[in-house]
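A.B. asks: Sequence first, then the predicted structure, then my questions.
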Amino acid sequence: DVKVTQSSRYLVKRTGEKVFLECVQDMDHENMFWYRQDPGLGLRLIYFSYDVKMKEKGDIPEGYSVSREKKERFSLILESASTNQTSMYLCASSSGGQNNSPLHFGNGTRLTVT
Amino acid sequence: DAKTTQPTSMDCAEGRAANLPCNHSTISGNEYVYWYRQIHSQGPQYIIHGLKNNETNEMASLIITEDRKSSTLILPHATLRDTAVYYCILRGTGFQKLVFGTGTRLLVSP
């Protein structure tokens, strides 16, 4: 089974702090994604990556950056956390090449910025 | 991105089949229909997907109408653990982008 592991289930940070959310997948997937999920807004795509060192902006990239130095790891960075970034963050991965390969999600990191 | 329409909520008795409908009248010819579910406090779980033929796996069956404008996810024997929000999603173009709507909240009761 595909396993997508997010380093923390819960995180509390202060406004202005730099925050790193880590995600690791064990299936040698080419593609990795970061979403955030908020009540009433569903899941929104922040960034994705289709290869090591490659990244693409999703629908809401402002205030975030990402890093993909190794194939199995995709990090989401909040350079200066703000209260409106309090959310559930979900990482996902999928295999490349086939356009219909499903995304597999981690269990999420619930981030609270105070 | 093409959009889907699902009922906000549905109820199902344990042991009965749960039939979750989805309308996607603006689906493009190369778009797949995907179904995910999300149990409280967990990440979305992939269930099944299809293009135009009906599909079945160990979790569910997917019935897609001939005109592809709607589909139905069938859980043949619903259990209490199937209580979740179910999302019907059309696969976007480019790098496998998924656009999630608000889904159907399925409540399975004893």
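C.D. replies: Yep, that arrived.

A.B. asks: List the residues that contact the residue lying closest to B:Ile74 once chain neighbours are set aside.
C.D. replies: If the residues on either side of it in the chain are set aside, B:Ile74 comes closest to B:Ser61, at 4.4 Å by Cβ to Cβ, 6 or more residues apart in numbering or on different chains. The way it works is simple: take the backbone N, C-alpha and C, and place the C-beta from them, glycine included. Listed by Cβ atoms under 8 Å, 6 or more residues apart in numbering or on different chains, the contact partners of B:Ser61 are B:48, B:54-55, B:73-74, B:76.

A.B. asks: Highest neighbour count among these?
C.D. replies: Using other Cβ atoms under 10 Å in any protein chain shown as the neighbour test, the contacts of B:Ser61 are led by B:Leu73, with 25 neighbours.

A.B. asks: Let me see the ranges of the strands in chain A.
C.D. replies: Along chain A, the segments classed as strands by DSSP state E run A:4-6, A:10-13, A:19-25, A:31-38, A:42-49, A:56-57, A:65-70, A:73-78, A:87-94, A:104-105, A:109-113.

A.B. asks: I should have written chain B there, sorry.
C.D. replies: Ranges of strands within chain B are B:9-13, B:18-23, B:33-38, B:45-50, B:55-56, B:61-64, B:70-75, B:84-90, B:104-109, based on DSSP E.

A.B. asks: Close to chain B: what parts of chain A are there?
C.D. replies: Counting by Cβ under 8 Å from any Cβ of the partner chain, chain A comes close to chain B at A:4, A:31, A:35, A:40, A:42-43, A:45, A:48, A:50, A:56, A:58, A:90, A:92, A:94, A:99-108.

A.B. asks: Now do A:Ile46, the pLDDT please.
C.D. replies: pLDDT for A:Ile46: 96.

A.B. asks: Does A:Glu19 touch A:Ser75 like I think?
C.D. replies: Check again: residue A:19 is Val, not Glu. No. If you go by Cβ atoms under 8 Å, A:Val19 and A:Ser75 don't touch, sitting 10.4 Å apart.

A.B. asks: Which residues does A:Ile77 form beta bridges with?
C.D. replies: Counting by DSSP bridges, A:Ile77 is bridged to A:Phe20, A:Ser65.
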